[in-house]
Each structure stands twice: as structure tokens, then as C-alpha cells.
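**Q** Just the structure for this:
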Amino acid sequence: MDTVEPENSKTETFASLDAFKKATAIPFETFSFNVSESGNITASKGSVINGYPNSLVTFPGNPEFEGLMVRIKELSSI
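**A** Got it, this is the predicted structure:
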């Protein structure tokens, strides 16, 4: 089956994954929130993470920690 690429598409070849990472150099975005409360994170390109109250707990139901830090690296051209 043949694939058709859009006219504005660009194909690049990299020698390694490290070479790709250096060439694209997409930075992380860092977010934090309290895990005992609900909260939403929306990254710059539109990725959304929903946090629900007390969704990160130990087996007896106790919160494992209060604050959570999330690092997001969006690999999207949309």
C-alpha cells in the first residue's frame, strides 16, 4: 500500500535518537498540583491531563503525598 504525504511535509533522517533529540530540542513544561483536590493541566499545544481528588493513594486510602509535579514534553505538530 502506498502512502501519500502532504505537499508541505518534510522528511528528515537522523543517525540516532540522540541526534534527533538534539535537533528538535523540545523543552519540558512543568506543572504541579495538590493531589487531594481536582485539577486540570493544559499544555501549550493542547494536551490535557485531568487530576481527580485522592486518585493517588496508598492501599488503606491515605494520600501518598500532597503535591505532584508533572513534566510534559509534547511531540506534536498540531
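
**Q** switch to C-alpha atoms for all contacts and neighbour counts from now on
**A** Will do.

**Q** Surely Leu56 and Val35 touch.
**A** Yes. Counting by CA atoms under 8 Å, Leu56 does reach Val35; the two are 6.9 Å apart.

**Q** now Asn62: how far from Tyr52?
**A** Asn62 sits 15 Å away from Tyr52, going by CA to CA, to the nearest Å.

**Q** Please enumerate the helices of this structure.
**A** Applying DSSP state H to the chain gives helices spanning 17-24.

**Q** Could I get the full set of strands for it?
**A** Taking DSSP state E, the strands of the chain run over residues 29-34, 39-42, 48-51, 67-72.

**Q** Just checking the distance from the third one to the centre of its chain.
**A** The chain centre lies 10 Å from the centre of strand 48-51; the measure is CA atoms, centre = their mean, to the nearest Å.

**Q** now the last one
**A** Its chain's C-alpha centre lies 10 Å from the corresponding centre of strand 67-72 when counted by CA atoms, centre = their mean.

**Q** again with the first one
**A** On the basis of CA atoms, centre = their mean, strand 29-34 is displaced by 11 Å from the centre of the chain it belongs to.
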